[in-house]
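Q: Next come a sequence and a model predicted from it.
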Amino acid sequence: GLRAARRGMRIAAELDLPLLTVVDTAGAALSREAEEGGLAGEIARSLADLVTLPAPTLCLLLGQGAGGAALALLPADRVVAARHAWLSPLPPEGASAILYRTTERAYEVAARQGVRSADLLAAGIVDRVVEEEYEEGVGGSFTARLGAVLGEELAALRAQERGARLAARRARYRRVGLP
């Protein structure tokens, strides 16, 4: 899947088209076969390609985002998340199993990991959160609101000067994880 995504990245760069990545994955298989098939290398190449891609980039965190495959599609000029979306290098259940030898403490681990869209927004990883539920006064379905937000974000990205946009993207991802 990441090889196909990287092909899309190259096409976006060649045609100077904006690229939208959508993250909604339970994560790649944690298996010997996956590792022998070059999963770690594909994750690294996808990260490098997205950070340096000359085309405008927008990431939509739509649902669950677990594992390296989700992280490999995240680096973008702007990141939009659905309210109930989450992102983690390791699913909270897996982290709980490793730490406590049970998955029953996954909610506690998730809170410490800061995986929820609100946590990601506060950390500067996500730029905008779109409510999934109907809100009085907001109007429209989730898909209509999401489409409008994505349209606004893409238009704003296309209006930016390429050099400034790329410099801002690099600076953004150099800061991730720093206090």
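A: Yep, that arrived. Everything numeric here is computed off the predicted structure, so don't read it as measured data.

Q: Next, find the distance separating the nearest residue to P89 once chain neighbours are set aside from A12.
A: Distances taken as Cβ to Cβ, 6 or more residues apart in numbering place L71 nearest to P89, at 6.1 Å, with adjacent residues excluded. Any C-beta I mention is one placed from the backbone N, CA and C, and that applies to glycine too. From L71 across to A12, the span is 19 Å (Cβ to Cβ, to the nearest Å).

Q: do the same with A81
A: Counting by Cβ to Cβ, the gap from A81 to A12 is 21 Å.

Q: who has more neighbours, these two?
A: Ranked by neighbour count (other Cβ atoms under 10 Å), A81 and A12 place A81 first, with 26 against 18.

Q: Tell me which helix or strand comes right after the lengthiest strand in the chain.
A: As assigned by DSSP state E, the longest strand anywhere in the chain is strand 57-66. The first helix or strand that comes after strand 57-66 along the chain, using DSSP states H and E, is helix 67-72.

Q: continuing past that next one, what's the next helix or strand?
A: Toward the C-terminal end, the helix or strand that comes next after helix 67-72 (DSSP H and E) is strand 78-82.

Q: Test my guess that the residue nearest to P89 contacts L47.
A: Yes - checked against Cβ atoms under 8 Å, the pair L71 and L47 is within contact range at 7.3 Å.

Q: residues making contact with the longest strand of the chain?
A: 18-27, 50, 70-71, 73-82, 84-91, 117, 120, 126, 146, 150, 153-154, 157, 169 (Cβ atoms under 8 Å, 6 or more residues apart in numbering).

Q: Go ahead and flag the most central residue of the protein.
A: Centroid-nearest residue in the chain: L74, 3.1 Å away (criterion: Cα atoms, centre = their mean).

Q: quick one: contacts for it?
A: Counting by Cβ under 8 Å, 6+ apart, L74 makes contact with T21, V23, L50, C59, L61, G65, L87, I125.

Q: That's all I had, so thanks and see you.
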